[in-house]
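> here is my input, please return the structure:
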Amino acid sequence: MKVNPSRIAILLLAAGQGSRLGNIPKALLKKEGIPLIQRFWQEVSPLNAIESISVLGFYADQIKPLAEQYSQVVINQQADQGHGSSVRLGLESLHTPFNLLVIALVDQPRITQTSLELLINTLEGQGDEIDALVPLCQGQRGNPIVMGRRAVLEMLNTPAQTPRQWLDQHPKQVCFYETQQDAFIADVDTLDDIKREGLELI
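Coordinates of the predicted model:
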């Protein structure tokens, strides 16, 4: 599947504490010997994003040398305030004339270039009234999500608003894309998840 020539920005969230894993940086968990953050950026590099941002928080000193090889790095000094603060900081760091923004999580090891192409192409196939796409698998919202520029600008013009809040407030502008691909809901929160995904502890 070939991505249409949109200007794509990618925001990767990698600021979490990994508390349910015993406080370890998920971004540095390895799959087939490669840290997850490196795997993600290498996987999506053929999309030729015009802007790539990694939002770090906890363990920033450990993750930054790797992340900055592939992306701009933004550090959330208030990462203990949760996911919302990190995604908002990432949104506020965007500065290119992108058409579409992909917001991804570092702890989804099965997300691939093909995964993102599917989401991007599906959103681009919607009408002009649709400004965002959320994958839906087994009745569960997944990630990454894709948002058009209009939606991102609306969020930025609303103090402290996050993508989840925008999606909930604008359901008629959102395509909930139903798929059987559980890669969109497979993240890593527990030791069982690490085992299921074949990951290596640091």
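
> only C-alpha atoms for contact and neighbour calcs from this point on.
Noted.

> how near is the residue sitting nearest the centre point of the chain to Gly142?
Against the mean C-alpha coordinate of the chain, by C-alpha atoms, centre = their mean, the closest residue is Ala104 at 0.8 Å. For Ala104, the distance to Gly142 equals 10 Å [C-alpha to C-alpha, to the nearest Å].

> Arg141: how many residues sit nearby?
16 (other C-alpha atoms under 10 Å).

> same thing with Leu28?
By other C-alpha under 10 Å, the residues close to Leu28 number 22.

> pretty sure it sits against Ile37.
Yes. The pair Leu28 / Ile37 is scored as a contact, 6.7 Å apart, by C-alpha atoms under 8 Å.

> who's in contact with the closest residue to Ser6 other than its chain neighbours?
Nearest residue to Ser6, sequence neighbours excluded (C-alpha to C-alpha, 6 or more residues apart in numbering): Asn99, at 6.1 Å. Contact analysis of Asn99 by C-alpha atoms under 8 Å, 6 or more residues apart in numbering lists Ser6, Arg7, Ile8, Ala9, Gly148, Arg149.

> could you find the closest non-adjacent residue to the fifth one?
Among residues not flanking Gly148 along the chain, Leu100 sits closest, at 4.6 Å (C-alpha to C-alpha, 6+ apart).

> got it, and the last one?
The shortest distance from Arg149 to any non-neighbouring residue, by C-alpha to C-alpha, 6+ apart, is to Asn99 (5.2 Å).

> and that neighbour, its phi and psi?
phi -100, psi -40 (degrees, to the nearest 10).

> what does Leu12 give?
Dihedral angles of Leu12 (phi, psi; degrees, to the nearest 10) stand at phi -110, psi 120.

> about what we covered before: buried subset of the contacts of Asn99, written for PyMOL?
With 16 or more other C-alpha atoms under 10 Å as the criterion, this PyMOL line picks the buried residues out of the contacts of Asn99:
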select buried, resi 6+7+8+9+148+149
